[in-house]
Every structure is written in C-alpha cells, then in structure tokens.
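**Q** Here's my sequence, what's the structure:
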Amino acid sequence: RIERGRPFVRVKLAMSLDGRTALASGESKWITGEAARADVQRWRARSSAILTGSGTVLADNPFLTARLPADEDHARPLRVVLDRRLCTPAGSHVLDGAAPTLVLHAAAASCGDDRYAHAELATVAEQGGALDLPALLALLAARGCNEVHVEAGPTLCGALFEAGLADELLLYD
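**A** Below is the predicted model of the structure:
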C-alpha cells in the first residue's frame, strides 16, 4: 500500500470440476467443499476489506463476514460493495450492520430511502461506464486497507485482472 498507493488485491474464484463457476441453474453458493469454505474464512479474516460487486449481491446475497471458530481471534474486515447505481436491495445481508460496510457508487446515483442506514456511502469516479478501479483502490488505501480480498463475479474479477490490479489468485474447485 505504501509503495503502490493501493492495497494488495487477492481474488478468490471457485469452479466446479468441469470448469464452471456456477451450477447449470446459475446457483454458485455451494460450489466448493467444506475445507475450501473454511480456508476462505481464514483469508477473509486476515484481510482489511472484502470486496464484491452489486451483481454478486443480487445473485448470491452474501454476508461477506469472516466466520471463524470462537477460539480464533480476528478483526472484522470492512465489507466493500461496488454498487454504481445504488441498487442493492433492502434486506441484503451486506446491509445488515453485522460488520462495517462501505458502498461505493457513481456520483449520479441517488437513494431516497434508508436501506443504507448501516452502511457508509462514498462516491467514486467512473471510467468507461464502470467505477474507476484504480481510484477505488486508492480510496481504500487512504483508509488504511493493506489487503483486499475479492469475492465477485466474472465482470469485476475480469476487470481487476485486465487492469493489472490483481496481485494473487485463490482458485478453489
């Protein structure tokens, strides 16, 4: 973070043995086994932030918290949701107040209700019709985030790789 002005970015992907990232039905919640899910919880717990996109929130409704056994001490990583248009539905787990949550959106987005009452909203510049990834990583670095764990779909993960912003890949099958 100090050298590059952005956090270390770890991208976690899971796929089935046939190379798919979801079941034929589109469901992806339990594509990995128990050992892989436990390992992911440890990676989440060591991270400063867990990053996802609004598409993943809409499809999977993840909690994005580090759930470790009670005897393992850990911090609560910041949940970061990239939601350019502020379309995260009320009742989504990421808005439940269980962990600190930052929702990053475009300047033109607005929300007239209280669904984000347990989250902090922040504006990020857009680039090419999407949130500016280097700018949002710089914002996270400025907040002291050293390590970001990404659990997202192909659009966000692909954009991070294409921009040369992914430092490590965790691949589970």
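**Q** Please give the element, helix or strand, for the residue nearest the centre of the chain.
**A** The residue lying closest to the centre of the chain (C-alpha atoms, centre = their mean) is residue 51, at 1.9 Å. Counting by DSSP states H and E, the element that carries residue 51 is strand 49-53.
**Q** what packs against that strand?
**A** strand 78-82, strand 147-150, helix 154-162 (3 or more C-beta pairs under 8 Å, 6 or more residues apart in numbering; DSSP states H and E). All C-beta spots, glycine's among them, are computed from the backbone N, C-alpha and C.
**Q** nearest spatial neighbour of residue 122, skipping sequence neighbours?
**A** residue 104 (5.5 Å; C-beta to C-beta, 6 or more residues apart in numbering).
**Q** and the residue nearest to the centre of the chain, what are its bridge partners?
**A** Residues in a beta bridge with residue 51, per DSSP bridges, are residue 80, residue 150.
**Q** Might one say that it is in contact with residue 153?
**A** No. Using C-beta atoms under 8 Å, residue 51 makes no contact with residue 153, being 11.9 Å away.
**Q** on that earlier part again, next, format the helices and strands packed on strand 49-53 as TSV and append mean pLDDT and mean neighbour count.
**A** Below are the helices and strands packed on strand 49-53 laid out as TSV (pLDDT from 0 to 100; neighbours: other C-beta atoms under 10 Å):
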stretch	mean pLDDT	mean neighbour count
strand 78-82	98	26
strand 147-150	98	24
helix 154-162	96	16
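**Q** Many thanks, I have nothing further to ask.
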